[in-house]
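whatever this is, show me its structure:
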Amino acid sequence: MKKEKEEDLEINLTGEEATTISSSGEVKPKWYQRRNKSITTETSDKKETPEGLWNKCPECNYIQPTTELEENKFVCPKCNYHHRVGSDEYFEYIFDNNEYTRLFDEVVSKDFLGFTDLKPYGKRLDEIHAKTTLKDSMSVATGKVHGEGLVVACMDFEFIGGSLGSVMGEKFARAVDYCIKHKLAYLVISKSGGARMMESAFSLLQLAKTSGKLSQLSDAQLPYISLLTDPTFGGISASFGMLGDLNIAEPGALIGFAGPRVIKETIKRDLPPGFQRSEFLLEHGFLDFIVERKNLKEKLAQIIRLFRK
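Predicted coordinates for the structure are as follows:
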């Protein structure tokens, strides 16, 4: 009997008909036989998991729903890794009731040099404008932080790596003028790879321009707070990024002029653990303190009140 079952099973696995005859002479399929030979689904009917539902932390590989990450302000609950976020998110985290007024959005970049690398600069700008709602690598807004007035200029790494161009310099300068006119504190959130090479010397001119405008803000006795986030490099760290009345940073942010790989290849030596991270800079006196994103709003309100006194 056992041998017959094994033979029947083997026949069924090979795709041959497997039946049995009842005492009444009725032909019935075996108990193990599929009623349908196979389950088929057309490729067009197959459903794939939508992108963006899950997020994997690049630091500890912890996987969680994106909605939970958003609720935690894009900070990993396991290792406290601060994911990069854009200006819209920072404005939401900082301003009361997510109420703020955007400033200087009418200022946009142009290819006045006719620069071309892998593609024309003008075409690159058109593609970015088509993909995002960003006007340039810096967005400026003003609102209240626990009732205290504040102007925030925030960089977007999504726009050509948050690079410093003539538009960023102009928005920065106009924001300073706005602060002086309305007697408001100024916060700049840096997240940039440095100067925008497509604008050549016009980009480098912004280092002097922004630094000069900060001297006017200082003369007006208004506070300038520089928040450095991951990554902040090149011309930003060589100019207004390190000129704050308070220089603060998010945990684990990579901050410097040249990157650690470039430095290591240049000096031919291994770098200290945590080199160029915000904790390393705090230990060596380049930062005043490190603030977690969840505490940023409260800290800013406290700082503004202290400077006002």
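
the helices in this protein, which residues?
For the chain, helices defined by DSSP state H occupy the ranges 2-13, 66-71, 87-94, 121-131, 166-182, 200-219, 260-267, 278-283, 296-308.

show me how far the longest one is from its chain's centre.
On the basis of C-alpha atoms, centre = their mean, to the nearest Å, helix 200-219 is displaced by 26 Å from the centre of the chain it belongs to.

and that helix, what does it pack against?
Applying 3 or more C-beta pairs under 8 Å, 6 or more residues apart in numbering; DSSP states H and E, we find helix 200-219 packed against helix 166-182, strand 224-232. (Glycine included, C-beta is placed from N, CA and C.)

most tightly packed of these?
By mean neighbour count, with neighbours taken as mean count of other C-beta atoms under 10 Å, strand 224-232 ranks first of those at a mean of 24.

other SSEs contacting that strand?
Counting contacts by 3+ C-beta pairs under 8 Å, 6+ apart, strand 224-232 packs against strand 185-192, helix 200-219, strand 246-249, helix 296-308.

between the ones you listed, which one is nearest to residue 120?
helix 200-219 (14.5 Å; C-beta to C-beta).

and the closest one, average pLDDT?
For helix 200-219, mean pLDDT rounds to 96.

same question, stretch 282-292
Averaged across stretch 282-292, pLDDT comes to 97.

quick one, what contacts the closest residue to residue 68 other than its chain neighbours?
Nearest non-adjacent residue to residue 68, counting by C-beta to C-beta, 6 or more residues apart in numbering: residue 77, 7.9 Å away. Residue 77 makes contact with 62, 64, 68, according to C-beta atoms under 8 Å, 6 or more residues apart in numbering.

returning to that earlier point: quick check: which of the helices and strands packed on strand 224-232 is buried the most?
Of these, the one with the most neighbours on average (mean count of other C-beta under 10 Å) is strand 185-192, at a mean of 26.

report the angle between that strand and helix 200-219.
Relative orientation of strand 185-192 versus helix 200-219 (axes from the mean of the first three to the mean of the last three C-alpha atoms, to 10 degrees): 150 degrees.

just list what strand 185-192 packs against, helices and strands only.
Secondary-structure packing of strand 185-192 (3+ C-beta pairs under 8 Å, 6+ apart): helix 87-94, strand 148-155, helix 166-182, strand 224-232, helix 296-308.

TSV for these, including mean pLDDT and distance to residue 116?
Formatted as TSV, the helices and strands packed on strand 185-192 follow (pLDDT from 0 to 100; distance: least, C-beta to C-beta, whole Å):
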stretch	mean pLDDT	distance to residue 116
helix 87-94	97	29
strand 148-155	98	25
helix 166-182	98	18
strand 224-232	97	27
helix 296-308	96	40
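
for the ones you listed, which one sits closest to residue 122?
Nearest of the helices and strands packed on strand 185-192 to residue 122, taken as C-beta to C-beta: helix 166-182 at 13.9 Å.

CSV for the helices of the chain, including distance to residue 243?
Formatted as CSV, those follow (distance: least, C-beta to C-beta, whole Å):
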stretch, distance to residue 243
helix 2-13, 76
helix 66-71, 33
helix 87-94, 20
helix 121-131, 28
helix 166-182, 12
helix 200-219, 6
helix 260-267, 23
helix 278-283, 15
helix 296-308, 16
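
how about the ones you listed, which one is nearest residue 109?
Comparison of the helices of the chain against residue 109 by C-beta to C-beta identifies helix 166-182 as nearest, at 4.7 Å.
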